[in-house]
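Chemist: Provide a 3D model corresponding to the input given below.
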Amino acid sequence: MSYTFDELKGVDAMMPPFTTPDSADIRAKDTVDVGNLTDGINRLIGDGVQVISTMSGSGEGWNMLWEEFKTQARVALEVVNKRIPLFIGVTAANPRETVAKMEYVREIGGEGVLLGLPYYHALSIPNVIQFYGQIADLFPDLSISLYHNPVEFKVHIPVSAYAEFVKHPNIVAQKDSHRNPLEFLRLQDIIKGKIAHFVNAPQLYPYYDMGASGCWSFDIFMGPWPVLRAYQASVDGDNETVKTIIKEISGRGGSGGARRDPLLQEGGSGRTPQEIAGYIKPGPARPPHFEQHVGDERAAKFAEAWLKLCDKYRADVEAWRAAHEAPSAVRS
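Modeler: Sure, this is the predicted structure:
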């Protein structure tokens, strides 16, 4: 096992795909923009993000050719260079492909994977338990972050299943946003001290006080400061600041724990808020998002509002980091 529960906390940045300009062409075969991927990772780490996850749904892990997967996994691993935990997305429509991806991650020296369920057919709960258990046993040297997304994977994993998951010490984290407060509390009774629970950023209050280890965000790639400040305030017990930021990021086009408007989420020929904000260069979405989008105006308003929040909170984030964090170092 590579990552421990104690080091998995803070803000988990759910990486965009970082595609080349021709990636919207259905014939394109090499669509990972290595330069923009490198710049984006370095910028996020430099600005204080504590965890990075690649190739989730927003990172188009489901929409990559095998060589593209290998390129993104290898480059991300090289650029992160053990500075913070990195979970490489290995979700696939069938378990054999997941195994092949995890074998490659292990081959190149990866330490963690973000693992969702096979998603063509909905699995029964016994099959869910068997899938995660078998994968964990096959790769005891890789740390696994469970990717719980009932919308995409067609299964809401019940609290009772986690009594089986915690028997595998390399299941160390979970990306989640689909728990009501009572279910969340019951889940913490099982996973506390064993599985780090990352909720969606607008759920930091009240879930951080209830046991969450931190939050995940893809909006953070427009600029990390609103989300980082919300996490810092959660650590300090400053719930009024957390609630204020949650209202700000949810009321100005943020995800708020729900699926985003496709006009704000998908690239295609339109422009995404991430692209407009300019913090990174995410590139266009790969097919099947062919359509000419009409969402540029809404995307621009979203990006503009987010950038104002970045200006509002950046100085506070940097001051907090200076007072609380030791200089960054490479993990051994």
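
Chemist: so what's residue 218 up against?
Modeler: 13, 14, 15, 16, 56, 58, 255 (C-beta atoms under 8 Å, 6 or more residues apart in numbering). All C-beta atoms are positioned from the backbone trio N, CA, C, and that covers glycine.

Chemist: Which two among these are spaced furthest apart?
Modeler: For the contacts of residue 218, the maximum inter-member distance is 15.3 Å, found between 15 and 255 (C-beta to C-beta).

Chemist: Near residue 7, how many other residues are there?
Modeler: Residue 7 has 15 neighbours, counted by other C-beta atoms under 10 Å.

Chemist: for the stretch 201-332 of the chain, what are the low-confidence residue spans?
Modeler: Along the stretch 201-332 of the chain, the parts satisfying pLDDT under 70 run over 251-270, 289-296, 327-332.

Chemist: Show me where it has its strands.
Modeler: For the stretch 201-332 of the chain, the strands defined by DSSP state E, counting those that start in this stretch cover 214-217.

Chemist: element containing residue 114, please.
Modeler: strand 112-115 (DSSP states H and E).

Chemist: Sheet-wise, list the partners of that strand with their directions.
Modeler: strand 86-89 (parallel), strand 143-147 (parallel) (DSSP bridges).

Chemist: That one: how far from the chain's middle?
Modeler: 10 Å (C-alpha atoms, centre = their mean, to the nearest Å).

Chemist: Buried deepest among the strands paired with strand 112-115, which one?
Modeler: Highest mean neighbour count among these (mean count of other C-beta atoms under 10 Å): strand 86-89, with a mean of 30.

Chemist: Pairing partners for residue 11 in the sheet, please.
Modeler: With DSSP bridges as the rule, residue 11 is bridged to residue 215.

Chemist: Per-residue pLDDT of it, please?
Modeler: Reported pLDDT at residue 11 in the predicted model: 98.

Chemist: give me every residue that touches it.
Modeler: Per C-beta under 8 Å, 6+ apart, neighbours of residue 11: 48-51, 201, 214-217, 220, 224, 227-228, 231.

Chemist: need the contact list for residue 136.
Modeler: Residue 136 touches 144, 168, 170, 171, counting by C-beta under 8 Å, 6+ apart.

Chemist: I'd assumed residue 178 was in a strand, is it?
Modeler: No - under DSSP: H, G, I helix; E, B strand; the rest coil, residue 178 sits outside any strand and is assigned coil.

Chemist: That one contacts residue 153, correct?
Modeler: No - using C-beta atoms under 8 Å, residue 178 makes no contact with residue 153, being 10.6 Å away.

Chemist: more crowded one of those two?
Modeler: residue 153 (20 against 14).

Chemist: ok, now how distant is the closest residue to the more buried one other than its chain neighbours from residue 163?
Modeler: Nearest residue to residue 153 in three dimensions, chain neighbours excluded: residue 117, at 4.1 Å (C-beta to C-beta, 6 or more residues apart in numbering). Going from residue 117 to residue 163 by C-beta to C-beta, to the nearest Å gives 18 Å.
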